[in-house]
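> Sequence and predicted model, in that order:
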Amino acid sequence: MRSKVRRVPEERHLHIALVGNPNSGKTTLFNILTGLRQKVGNYPGVTVERKEGRLRLGDGVVATLLDLPGTYSLYPGSPDEQIATEILLGHASHTPAPDIVICVVDASHLERNLYFVTQIIDRHLPLIIALNMMDVAEQSGIIIDVRSLAHELDAPVVPTVASRGEGIDQLKAAVLTTRTASVRARGWHLPDTVERETEELVGILREAHSLTAPQAFHEAVGLLTAESQDIDHSTRYHREVLAHVKRDHEKLDFLGFDRRSVFVESRYGWIREICTRTVTHRHAAAGWSDRIDRVLTHRRWGVVIFLALMAVIFQAMFSWSIPPMEWIGNMFDRLGDVVAASMPPGDMRDLIVKGAIGGVAAVVTFLPQILALFFFLGLLEDTGYMARAAFIMDRIMNRVGLHGKSFIPLMSSFACAIPGIMATRTIENPRDRLATMLVAPLMSCSARLPVYALMIAAFIPSTRVFGFLSLPALTMTSMYLLGLVMALLVAWIFKKTLLKGSAPAFIIELPPYRVPGVKSIFLLMWERAWAFLKRAGTIILAASIVLWFLASYPKVDGGDAADQLHRSFVGQAGQLIEPVIRPLGFDWKIGVGLVSSLIQREVFVSTMGTIYSIEHGIAGEEATLAERLRSERDAATGLRSYTPLTGICIMVYYVLAMQCFSTIAVMRRETNGWKWPLVQIGYMTGLAYVVTFIVFRTGLALGYGG
Amino acid sequence: MTHQSSLSLLDVPIGTRVRIRQLSSRPEISARLRELGFCENAVVRCVTKGYGNIICEVYNTRIGLNAGLARGILVARFD
């Protein structure tokens, strides 16, 4: 029974919201529907509040598709869910209410997914159900009668396999033909008394707040299931309404109803009926998933397996990345030679070859390693292992006052802290969320990778330890571990002092294991590579050029290249801050690198590249940057300027220091203020200084400084 | 009232199915649990336990909980 109550506008442009439970394949579907016509901001890979795309539906209809965060319920728990709910219900001032809602449902977990669907139906929103993961359902022996399901829900149901692109055309066709929402009577029933009280409250709400029937019903359910003390503090409703609600609470409690659970149970009652009528099981589900879970989350072996996986990843990042990195390095060298040969000597040539090409080359060389990192993280996430890792880490997280849910944002921060910080939106407890955000930047992000790699190439010999682990790989792993340990330590301190809170509850859904979608991982890597190259082509290029200027002027008559550098703007600035960083074993050249890193951490490498190519005069010399750092000698004493200890101190400083304007910007946005970003800058800078100092002094004392 | 079963989800042997009788955690936690499928009368199967946590299956979905939460979910044998 459809009525024309809620009509979709007949115009040519539609606003469509894509919703669904987490892990239902929503993002894969979004990617397929919008292709590369997405507007995601700078950080793809995580569902951000504004993940928008354009969709051509045919018939000249163009739609804006909004990918809302994964949601379990329209009565929101986490900030993520709050945003999704606000937009769906039309309460968000920044986004119009959607004309059509496409709800992505995981066919292999139909019952639980339908819970959210019933809430959308109650709200009388025009709904299309994308019954996704039909392949997984079929493998598990689950057979769904799609027509029957559509009849039960009174909404179009389109079977899809988003990862293979199946069902997309039918989905688009459904969007074109869906014009109204179902206004059939509610399919799920409450016990008589509860039903009566609810209807009465709906009437009162409609009158007092001028709500439509579905709006009022949604509010009524929220009010009746709320805690009595929350009703007292509510400012959203009129006094008489709240008084009525409190009387309802007393009445229902007195009659022995568990207010909170009766609504949920009634919905699931209906859902069970639907599933009995539409779903058949061909054979009992295989138990292999259980067995894998038991191994991966085993008391002892779980952690061992996890650490082993991490070690393999780091080892692969090192060994496999070397050939492509060398290839890129050679390409840039040749480019530099070609350009140098085709231009007259002079400032212009130096600017392009040493400033621009030298600077950019130094950073872009690390693209293979960064890609490898994203590949493995994507693989872990896609196979479903990440959730199990969070499960294992929960114990450890508990010791510092957090829980396993904080683990996934922290893991993501290994790639970049910005999506990591945004991923904390799924954490319900605001204090836990804040603690996680504050320590996320300590997890060594991919921007630090070029710095570590340069230092290791320059100062760590490639001897083998224990027969198969290389010292460079071990050092790299140690830096990452340092960040991780510090993050946990600082989180612990925060939770003990500023952010004290009750013991967190840990609930996490473990998606079924699946063969990773290599296509979507490669798409992610491509996006990251493109973002990286774009950054290199713009910010880093600009920074390199500016730096070159500052390092080459004012011009010095006579004197050699080293002298020129010493007297330039950059040289003077570096010498100004040198007293502050001397105790850490750093000289003014490193100082320049540190300061320039505030733009992007990897600029350190291009800064060093520019400084040393200027200092050594001729471009295209055989020595690599690493070799030059290593062989740099103090003009006065003739001793090496930089030792392995210096290299390690630089790395330690980079592990801990806050050197990223973009991260600060995101912190400000996510915490709605400057207080916490400033706290973050403060504690991280202090920590970096102190720890580097300790490492340096200890190293000297142990005799490594000479 | 109904018979009080003091058997909690944490005590359930691996592989067995039970029916949820009562959720006795903090209200907001219980609300969350219910929406994920841990509501009264739902059937739950314990998959594995470890690290002070438990993985169980409810409505065909696999969910991990910590021990504290599991202890607050009172269950009865499923027959």
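All right, it came through fine.

> remind me which residues of chain B are low pLDDT?
Applying pLDDT under 70 to chain B flags residues B:1-5, B:51, B:79.

> Let's see that with 80 instead.
B:1-6, B:26-29, B:31-32, B:35, B:39-41, B:50-52, B:59-60, B:78-79 (pLDDT under 80).

> Can you identify each of the helices in it by residue range?
Using DSSP state H, the helices of chain B run over B:27-35, B:67-71.

> Tabulate those helices (JSON lines), appending mean neighbour count.
Where C-beta positions appear, they are placed from N, C-alpha and C, glycine not excepted. Compiled in JSON lines, those are given as follows (neighbours: other CB atoms under 10 Å in any protein chain shown):
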{"stretch": "helix B:27-35", "mean neighbour count": "20"}
{"stretch": "helix B:67-71", "mean neighbour count": "20"}
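
> Those: which one's closest to chain A?
Ranking those by proximity to chain A (CB to the nearest CB) places helix B:27-35 first, at 4.3 Å.

> Return the residues in contact with residue 67.
I'll assume chain A. A:Asp67 makes contact with A:18, A:26-27, A:30, A:47, A:51-53, according to CB atoms under 8 Å, 6 or more residues apart in numbering or on different chains.

> my bad, the chain I had in mind was chain B
B:10, B:52-54.

> If we use 6 Å, what do you get?
If you count contacts by CB atoms under 6 Å, 6 or more residues apart in numbering or on different chains, B:Ala67 has them with B:10, B:52.

> got it, and A:His13?
Contact analysis of A:His13 by CB under 6 Å, 6+ apart lists A:Val62.

> Could you tell me how far it is located from chain B?
Using CB to the nearest CB, to the nearest Å, A:His13 is found at 34 Å from chain B.

> ditto for A:Arg582
47 Å.

> just the residues of chain A that are near chain B, which are they?
Taking CB under 6 Å from any CB of the partner chain as the test, the list of chain A residues beside chain B reads A:72-73, A:77, A:109, A:111-112, A:227, A:261, A:264-265, A:290, A:293-294, A:297-299, A:391, A:394-395, A:505-510.

> Could you turn the buried ones of these into a ChimeraX selection?
Buried residues among the residues of chain A next to chain B (16 or more other CB atoms under 10 Å in any protein chain shown), as a ChimeraX selection:
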select /A:72,73,77,109,111,112,261,264,265,290,293,294,297,298,391,394,395,505,506,507,508,509,510
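
> Keep only those of the residues of chain A next to chain B that are in strands.
Using DSSP state E, the subset of the residues of chain A next to chain B located in strands is A:507-509.

> Put together TSV for the residues you listed, with distance to A:Tyr237 and pLDDT on each row.
Output for those, formatted as TSV (distance: CB to CB, whole Å; pLDDT from 0 to 100):
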residue	distance to A:Tyr237	pLDDT
A:Ile507	30	80
A:Ile508	34	81
A:Glu509	33	81
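
> Check the average confidence over the biggest helix by length in chain A, would you?
When chain A is parsed with DSSP H, its longest helix is helix A:301-342. Helix A:301-342 carries an average pLDDT of 81.

> Contacts for the next helix or strand after it, please.
The helix or strand immediately downstream of helix A:301-342 is helix A:347-350, counting by DSSP states H and E. Here helix A:347-350 makes contact (CB under 6 Å, 6+ apart) with A:Met343.

> Alpha carbons of helix A:347-350, as PDB, please.
Provided in PDB are the C-alpha atoms of helix A:347-350 (Å, rounded to 0.1, in the frame of the first residue of the first chain):
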ATOM      1  CA  ASP A 347      71.500  30.500 -11.000                       C
ATOM      2  CA  MET A 348      68.500  29.400 -13.200                       C
ATOM      3  CA  ARG A 349      70.100  26.000 -13.900                       C
ATOM      4  CA  ASP A 350      71.000  25.600 -10.200                       C
END
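
> before we move on, the earlier item: return the entry from the contacts of A:Asp67 with the maximum number of neighbours.
Within those, A:Lys26 tops the neighbour count with 27 neighbours, counted by other CB atoms under 10 Å in any protein chain shown.

> Against B:Ala70, how distant is that residue?
Using CB to CB, to the nearest Å, one gets 29 Å for the distance from A:Lys26 to B:Ala70.

> Could you do A:Thr193 as well?
Per CB to CB, A:Thr193 is found 33 Å from B:Ala70.

> next one: A:Leu565
Separation of A:Leu565 from B:Ala70 (CB to CB): 64 Å.

> Kindly report the same for A:Val104.
Separation of A:Val104 from B:Ala70 (CB to CB): 30 Å.

> Around A:Ile539, how many other residues sit close by?
For A:Ile539, the neighbour count with other CB under 10 Å is 14.

> in chain A, which spans are strands?
Counting by DSSP E, the strands of chain A are A:2-7, A:13-20, A:38-39, A:52-58, A:61-67, A:100-106, A:127-132, A:142-144, A:157-159, A:180-182, A:279-281, A:464-465, A:469-470, A:507-509.

> Could you say which one of these comes nearest to A:His189?
Among the strands of chain A, strand A:180-182 comes nearest to A:His189, with 17.0 Å by CB to CB.

> what mean pLDDT does the closest one have?
The model assigns strand A:180-182 a mean pLDDT of 81.

> and what of stretch A:158-172?
Average pLDDT, stretch A:158-172: 89.

> what's the answer for stretch A:245-256, then?
Stretch A:245-256 shows a mean pLDDT of 89.

> now what about it, what contacts it?
With CB under 6 Å, 6+ apart as the criterion, stretch A:245-256 contacts A:197, A:223, A:228, A:231, A:259.
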